[in-house]
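> have a look; sequence and predicted model below, questions after that.
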Amino acid sequence: MSKLSRTIRGAEAGAAAAVALSFFVFDLVRLQPLGTPGALSGALMGPGREWDFTSFAGFIAGLSMAYRIATFTAVHFLTFAFVGILASVLFDWKNGAGLKPLLAVAGLCVAAFATTVLGAGSAVALKSLGPLAVVSIGIFAALLVVGYLRLASMPEPEDEPAA
């Protein structure tokens, strides 16, 4: 595996980690560590609820909640994969990324997040985060997607013709 291929694979892993880290940093700035996961779990489970596996009803409720969380996660990843596919098909990333493609991808990221959350029936999460946070994280996600697509479209050094 060449250095550029390894760099691209690292960018993939870094992008996934950076999205999660961006929510954590945003929560720290607001002095509410883990506020975003708390808002999402509160939207799924209700405020102040905990899993109770000591009873049969608690076990069934826990399985139901695990199913909802798994479904939300799968839909979230599939939706953002679709955003990445759309961005890679709609724009040519070999010549650089301008402001218009970046804004279009940011709009797709915000729409993908809002659709995922609303599709999961978690409108409370959107209200607790607020529109500024959702748009800010959408722009950050767009920067990661655009950066990755730009990096991935660069030719490998051995693919370039000799001068």
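Structure's in. What do you need? Residues are numbered from 1 along each chain as shown.
> please count neighbours and contacts with C-alpha atoms only from this point.
Noted.
> so which bits of stretch 95-115 are buried?
97, 101-102, 105-115 (16 or more other CA atoms under 10 Å).
> mean confidence for it?
Mean pLDDT, stretch 95-115: 83.
> repeat for stretch 68-85
According to the model, stretch 68-85 has a mean pLDDT of 74.
> what lies in contact with it?
44, 105, 108-109, 112-113, 116-117, 120, 145 (CA atoms under 8 Å, 6 or more residues apart in numbering).
> any chance of the buried residues of stretch 95-115 in CSV with distance to Met154 as columns?
Formatted as CSV, the buried residues of stretch 95-115 follow (distance: CA to CA, whole Å):
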residue, distance to Met154
Ala97, 12
Pro101, 17
Leu102, 18
Val105, 19
Ala106, 22
Gly107, 25
Leu108, 23
Cys109, 23
Val110, 27
Ala111, 28
Ala112, 27
Phe113, 28
Ala114, 31
Thr115, 32
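> just the ones of the residues you listed in helices?
101-102, 105-115 (DSSP state H).
> could you dump these to CSV with distance to Ala133?
Below are these laid out as CSV (distance: CA to CA, whole Å):
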residue, distance to Ala133
Pro101, 21
Leu102, 18
Val105, 17
Ala106, 13
Gly107, 14
Leu108, 15
Cys109, 13
Val110, 10
Ala111, 13
Ala112, 14
Phe113, 11
Ala114, 12
Thr115, 15
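> where does the protein have low pLDDT?
Within the chain, the segments meeting pLDDT under 70 span 1-26, 28-29, 33-54, 65, 69, 72, 97, 119-126, 128, 156-163.
> for it, which segments count as helices?
Secondary structure of the chain (DSSP H): helices at 3-29, 35-45, 56-90, 99-119, 123-129, 131-152.
> what distance do you get for Gln32 to Tyr67?
According to CA to CA, to the nearest Å, Gln32 stands 27 Å off from Tyr67.
> could you do Leu102 as well?
Separation of Leu102 from Tyr67 (CA to CA): 34 Å.
> same deal with Val89?
Distance of Val89 to Tyr67, computed by CA to CA: 33 Å.
> what is the nearest of the contacts of stretch 68-85 to Pro155?
Nearest to Pro155 among those, counting by CA to CA, is Val145 at 17.9 Å.
> now the closest one. Nearest residue, chain neighbours left out?
Using CA to CA, 6 or more residues apart in numbering and skipping residues adjacent in sequence, the residue nearest Val145 is Gly84, 6.7 Å away.
> tally of neighbours for the one you found?
By other CA atoms under 10 Å, the residues close to Gly84 number 20.
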